[in-house]
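In: fold the following and give me the result.
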Amino acid sequence: MRSRLWALLGAGLALAVAFAIRAVDDGALRQYSGTALYASMIYAGVFFIRPRTTPLVAGAVAIAFCWAMEVFQLTGVPAELSGRSLLARYVFGVKFDPVDLAWYPVGVVPLVVAHLLVLRKFHGATWADSAARR
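Out: Below is the predicted model of the structure:
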């Protein structure tokens, strides 16, 4: 239960930072930080759904999910849904942007590395231990 709470707090923090940036910036920082922070929230969401997931697996799942959502935008369905709902706009986006594909790992990879370092420092786990825990 405690790991799910940490996941919720992490997702909430990423969301708060994203909205704070949106409030003060209208340019590239707003767009690309939002993309990276979206991916960070997905990483946290993986741990909420499956707390015993390893950081490497959670990172791979988060990036793959984000890439899938980005490609889904090519169908036009997210744009249609986004026109009807602000929530859909935040979840699905509106239009495909190939640059976003590079920004999703920017939001996930540092979290994976930090997570592995925390596991190593506080639990004595190594990279191999983390993978074997699966």
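In: assign a three-state SS to Val94, would you?
Out: coil (DSSP: H, G, I helix; E, B strand; the rest coil).
In: what sits against Ala16?
Out: Contact analysis of Ala16 by Cβ atoms under 8 Å, 6 or more residues apart in numbering lists nothing. Placement of C-beta: from N, CA and C, glycine included.
In: now for Leu81: which residues touch it?
Out: 88-89, 92.
In: show me where this protein dips below the pLDDT cut-off.
Out: 1, 125-134 (pLDDT under 70).
In: do a quick rundown of the helices in it.
Out: For the chain, the helices defined by DSSP state H occupy 2-24, 28-49, 55-72, 77-82, 86-92, 98-123, 127-132.
In: please identify the most buried of those.
Out: helix 28-49 (a mean of 20; mean count of other Cβ atoms under 10 Å).
In: quick one: contacts of that helix?
Out: Here helix 28-49 has contacts from 3-4, 6-8, 10-11, 14-15, 17-18, 21-22, 53, 58-59, 61-63, 65-66, 99-100, 103-108, 111-112, using Cβ under 8 Å, 6+ apart.
In: again with stretch 85-99
Out: 32, 69-74, 77-79, 81-82, 100.
In: next, the distance between the ends of it.
Out: 24 Å (Cα to Cα, to the nearest Å).
In: nearest residue to the one residue sitting closest to the centre of the chain other than its sequence neighbours?
Out: Closest to where the C-alpha atoms of the chain average out (Cα atoms, centre = their mean) is Ala39, at 2.1 Å. With sequence-adjacent residues excluded and distances taken as Cβ to Cβ, 6 or more residues apart in numbering, Ala39 is closest to Gly107, at 3.4 Å.
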